[in-house]
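Asker: For reference, the sequence and a predicted model appear below.
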Amino acid sequence: MTYVLIATASAFLLMSCNKDDIIQSGENGNTPEGNFRPSLPTSSEMSTHVYEWTPAPGQFINESTMTESIAGDITPEAAAAWAEQRLSERLFVSLGAFGGYIVVGFDHSIPSSDGDYDFAIMGNSYFNTSSGTGGSNEPGIVYVMQDTNGNGKPDDTWYELRGSETGKEGTIQDYAVTYSRPDAPGLAVSWTDNQGNSGTVDYLGFVHKQDYYYPAWIKSDTYTLRGTCLAARTSQDTSSGLWNNSAFGWGYADNMGSDNISLSYGPQCNRFRISDAMNVDGSHARLAYIDFIKVQTGVNSKAGGLGEVSTEVFGFIDLSLAK
């Protein structure tokens, strides 16, 4: 049986957009009235809840830090609670290979500032100091949601935030990968995609020795992850043999782009604008506020002995409160 996880509403038919366009909040009927939840003196600038953590297979999945802390059978709810605890301690949560994702929420709505940066996501990307261009960049696609129906759950419409690669050749908007459970411990995870390709998430037993990289709380033998896929920027230096994952321009988590900033919170941060939210046809969504954020690994690539390219997140920050 195939377990299908839909990460986008549909394929995007993208229009050319400029990142500096100013979006007026309140258009399209998305006004701060209705289900908008204003911040209170007790509100946290950090996300307060993980609603779902569904990673793709990867070397950080099922490690003992999780399996030993969760007694008995690992459920999706237990996995999400573990991820929530990790983020509360500013520890990383890996999303695994392409398509793996996490969904978080805040104890208040985050208002749009009509073009300024509204929230930030902590990651662990870095530049190769010798070249200034390589290093470790594992871009995560970012989506936002309003609690339109007011039930406090992320079950309304996801809007993808546009980034520097939106609409460019090589970016696939409706990309899907199906992962298959290995037949025995210590084996690679096989995958196929909707473009006719296949490959593996390699087992790196010399570093990460858990039996399986396939998430223990996914009980079916296959599952499919779907979303936007960027053309990978993974390369190996022919002289040194070192692997690099070069940075993308802007608009992605865990990426040393122009929206990157160092804050007192610890790891590097990427900043995001609610005004970059897109409808399914690529037009501006014009959201006045959001309640939920999703990040999803946005490339399907691996770097030799470093393993799969996987987005890591350490925390989510409402910049209106952080200021």
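Answerer: Great, that's in hand.
Asker: tell me the helices in the stretch 1-150 of the chain, going along the chain?
Answerer: 64-67, 76-88 (DSSP state H, counting those that start in this stretch).
Asker: per-residue confidence averaged over the shortest one?
Answerer: Taken as a whole, helix 64-67 carries a mean pLDDT of 90.
Asker: for the last one, same thing?
Answerer: On average, the pLDDT along helix 76-88 is 96.
Asker: since we're on the residue nearest to Gly163 when sequence neighbours are not counted, how many residues are nearby?
Answerer: Excluding its sequence neighbours, the residue lying closest to Gly163 (C-beta to C-beta, 6 or more residues apart in numbering) is Gly251, at 2.2 Å. For glycine as for every other residue, the C-beta is placed from the backbone atoms N, C-alpha and C. Look at Gly251: counted by other C-beta atoms under 10 Å, it has 26 neighbours.
Asker: ok, Gly251 to Phe206 distance?
Answerer: 35 Å (C-beta to C-beta, to the nearest Å).
Asker: Ok, Trp53 next?
Answerer: 26 Å.
Asker: between those two, which one's more packed in?
Answerer: Trp53 (24 against 7).
Asker: Now do the buried residues in stretch 112-123.
Answerer: Ser112, Asp114, Gly115, Tyr117, Asp118, Phe119, Ala120, Ile121, Met122, Gly123 (16 or more other C-beta atoms under 10 Å).
Asker: Can you dump the C-alpha atoms of that stretch in PDB for me?
Answerer: What follows is stretch 112-123 as a C-alpha-only set of coordinates in PDB (Å, rounded to 0.1, in the frame of the first residue of the first chain):
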ATOM      1  CA  SER A 112       2.000  40.800   7.400                       C
ATOM      2  CA  SER A 113       4.100  43.900   7.300                       C
ATOM      3  CA  ASP A 114       3.300  44.500   3.600                       C
ATOM      4  CA  GLY A 115       6.800  43.800   2.200                       C
ATOM      5  CA  ASP A 116       9.100  43.700   5.200                       C
ATOM      6  CA  TYR A 117      10.400  40.500   6.700                       C
ATOM      7  CA  ASP A 118       7.800  38.900   9.000                       C
ATOM      8  CA  PHE A 119       9.300  35.700  10.300                       C
ATOM      9  CA  ALA A 120      12.600  33.800  10.400                       C
ATOM     10  CA  ILE A 121      13.600  30.100  10.400                       C
ATOM     11  CA  MET A 122      16.800  28.900  12.000                       C
ATOM     12  CA  GLY A 123      19.000  26.500  10.100                       C
END
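Asker: any idea of the mean pLDDT for that stretch?
Answerer: On average, stretch 112-123 scores 93.
Asker: Figure out how far that stretch is from the centre of its chain.
Answerer: 15 Å (C-alpha atoms, centre = their mean, to the nearest Å).
Asker: just stretch 246-260 next, same as before
Answerer: 13 Å.
Asker: For it, give me every contacting residue.
Answerer: 19, 117, 121, 123-127, 133-135, 137-142, 161-166, 230, 233, 235, 268-272, 276, 295, 298, 311-313 (C-beta atoms under 8 Å, 6 or more residues apart in numbering).
Asker: what about it, average pLDDT?
Answerer: 91.
Asker: Show me the two of the buried residues of stretch 112-123 that sit farthest apart.
Answerer: The span of the buried residues of stretch 112-123, defined through C-beta to C-beta, is set by Asp114 and Gly123 at 25.7 Å.
Asker: Where does pLDDT dip in the protein?
Answerer: When residues are selected by pLDDT under 70, those of the chain lie in 1-34, 127-134, 262-267, 323.
Asker: make it 80
Answerer: For the chain, the stretches with pLDDT under 80 are 1-34, 71-72, 126-135, 262-267, 323.
Asker: Perfect, that will be all.
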